[in-house]
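A.B. asks: Fold the following and give me the result.
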Amino acid sequence: VDDPNCSLQVDGYALRAAQESIIDANIAATGVNLAALNLYQKNADKNLTFEANVSFTGDKPDNANGALLVKDFAFVNAEGEGLRLESLQIDAKNDSVPQRITLASDFFNGTIEGSYDFMHVVPTLQNILSQALPALVSKCPESPEQLRANDFTFDFELEPCEDLVSLLKLPVNIVYTTTIKGYVNERDESFGVDISAPYLQQGNKIIESTSVTARKLPEKKDVELLASTIFPVKKGKTVVTVEGKGVDDTVDLDLAWKILTDRDYKGKLSLTSRFFRNVDDKVAVNVDVNPTELVFNDTIWQVKPGQVQYDGGIIAVRNLQGISGEQSVLIDGIVSKNQEDVLKVELNELSLDYIFETLAIDNVMFGGTATGKFYASNLLSGAPILETPNLHVENIAYNKCRMGNADIKSNWDNETKGINLYA
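C.D. replies: Coordinates of the predicted model:
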């Protein structure tokens, strides 16, 4: 093929015959513009060039035998910007058990080994998860097309590749080798996955020691989740850990954090979520907010028991409350598209000085003690109604200059997308 948008040379042999299919060929491609060929509309300024040698029998990844070698791969623009690979090799052995597929490239390497039927991996995982969370994950019916049970391990390594991050606009860049390991065992209805990323980069921030583990052990119904990471914030590094367990349509989740700084910033949110199907057979959930403590700037806040319910597009918030001495914040009400449903946020003797200091807002500072109620409705309609009819601030201050007491009325203007403020 010799075309302005594609120069392609193929030398070899191919036979299409289901599992007996054969391909044995050498391929050389230059100047392939995927956008002009209506194959891939993004990155229209980039052309594809590569050389490949392929020798396979079979018609699917899980019955193929042979090898694929791609060399001098480039997907770049006229300035040479884009993605380049020196080589990518895939070897497959699927004519007996254990099956095995290996992949080796500049930035992605790994192995899958055991017994696998890729078309049915997702249904297999759904069936395993449905034991713990049947209201959330439906069980799949048995498929007569499944040739073998999924019982395999996988082990992958991702190396740093700035070209790929830039091309795909990924949110983070891998700084050091990231590993993904795990297994699926359909016979004993178990699975496990472990992700370890020692260093990731997001902009100019380094994210450290990120790990995620999810598993369901044999002969147990519950699914477990463990995760942790360390990332920078303005006040210092923040350590975050997540622990979760799901069984009998109930998920217990604890989210804990601590900022490594001179002042004490730490806390834990503890949630118990109960999933169910409503009268329309849609997923609904009741979330209990369990009592815990949060510490901000050396000040302890007590999180009181509360509840959030989602059912049929309506969110009901009941008695979400935080208390620290005389200070308190209470959230209660309904979030929906209906103007009659109102969410209320009630402040009682909330220290504005404390909030601005805690949030490290130093370009402008307000002070004083605020008491009042905020009301919100139509929150899901695209034209919310937001107002506070009377917010009283005792000893209001601007940049630490006291100005007396203030009574404030305000509302949100949907036309100007601004706040009308009357004091």
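A.B. asks: Just to check, residue 422 is in contact with residue 408?
C.D. replies: Yes. Assessed by CB atoms under 8 Å, residue 422 is found in contact with residue 408 at 7.1 Å. C-betas here are computed from N, CA, C, even on glycine.
A.B. asks: Okay, and residue 83 sits in which element?
C.D. replies: Using DSSP states H and E, residue 83 sits in strand 82-93.
A.B. asks: Enumerate the positions of the lowest-mean-pLDDT helix or strand in the chain that are buried.
C.D. replies: Least confident helix or strand, the chain: helix 352-358 with a mean of 78, by mean pLDDT, DSSP states H and E. Of the residues in helix 352-358, 352, 354-358 count as buried by neighbour count, 16 or more other CB atoms under 10 Å.
A.B. asks: what does stretch 6-21 give?
C.D. replies: 6, 21.
A.B. asks: ok so, going back, C-terminal to the strand holding residue 83, what's the next element?
C.D. replies: Assigned by DSSP H and E, the successor of strand 82-93 is strand 99-105.
A.B. asks: so where do the helices sit in the stretch 51-200 of the chain?
C.D. replies: 121-130, 162-168 (DSSP state H, counting those that start in this stretch).
A.B. asks: what residue ranges in the stretch 51-200 of the chain score low on pLDDT?
C.D. replies: Filtered on pLDDT under 70, the stretch 51-200 of the chain yields no residues whatsoever.
A.B. asks: does residue 372 count as helix, strand or coil?
C.D. replies: strand (DSSP: H, G, I helix; E, B strand; the rest coil).
A.B. asks: If you compare the directions of the strand holding residue 83 and strand 99-105, what angle comes out?
C.D. replies: 160 degrees (axes from the mean of the first three to the mean of the last three CA atoms, to 10 degrees).
A.B. asks: Who are the packing partners of strand 82-93?
C.D. replies: On a contact count with 3 or more CB pairs under 8 Å, 6 or more residues apart in numbering; DSSP states H and E, strand 82-93 meets strand 65-76, strand 99-105, helix 162-168.
A.B. asks: Make a markdown table from the ones you listed and add distance to residue 260 and mean neighbour count to it.
C.D. replies: Shown next, in a markdown table, are those (distance: least, CB to CB, whole Å; neighbours: other CB atoms under 10 Å):
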| stretch | distance to residue 260 | mean neighbour count |
| --- | --- | --- |
| strand 65-76 | 42 | 16 |
| strand 99-105 | 37 | 17 |
| helix 162-168 | 28 | 15 |
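A.B. asks: Tabulate those (a markdown table), appending distance to residue 326.
C.D. replies: Putting those into a markdown table (distance: least, CB to CB, whole Å) gives the following:
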| stretch | distance to residue 326 |
| --- | --- |
| strand 65-76 | 62 |
| strand 99-105 | 61 |
| helix 162-168 | 49 |
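A.B. asks: mind checking which of those is nearest residue 224?
C.D. replies: With CB to CB as the criterion, residue 224 lies closest to strand 99-105 of the helices and strands packed on strand 82-93, at 28.1 Å.
A.B. asks: Run me through the strand neighbours of that closest one, direction for each.
C.D. replies: Partners of strand 99-105 in the sheet, by DSSP bridges, are strand 82-93 (antiparallel), strand 108-115 (antiparallel).
A.B. asks: Residue 268 is nearest to which of those?
C.D. replies: Nearest of those (CB to CB): strand 108-115, 35.8 Å.
A.B. asks: thinking again about what came up before, so for residue 183, which of the strands paired with strand 99-105 sits nearest?
C.D. replies: So among the strands paired with strand 99-105, strand 108-115 is nearest, using CB to CB, at 7.9 Å.
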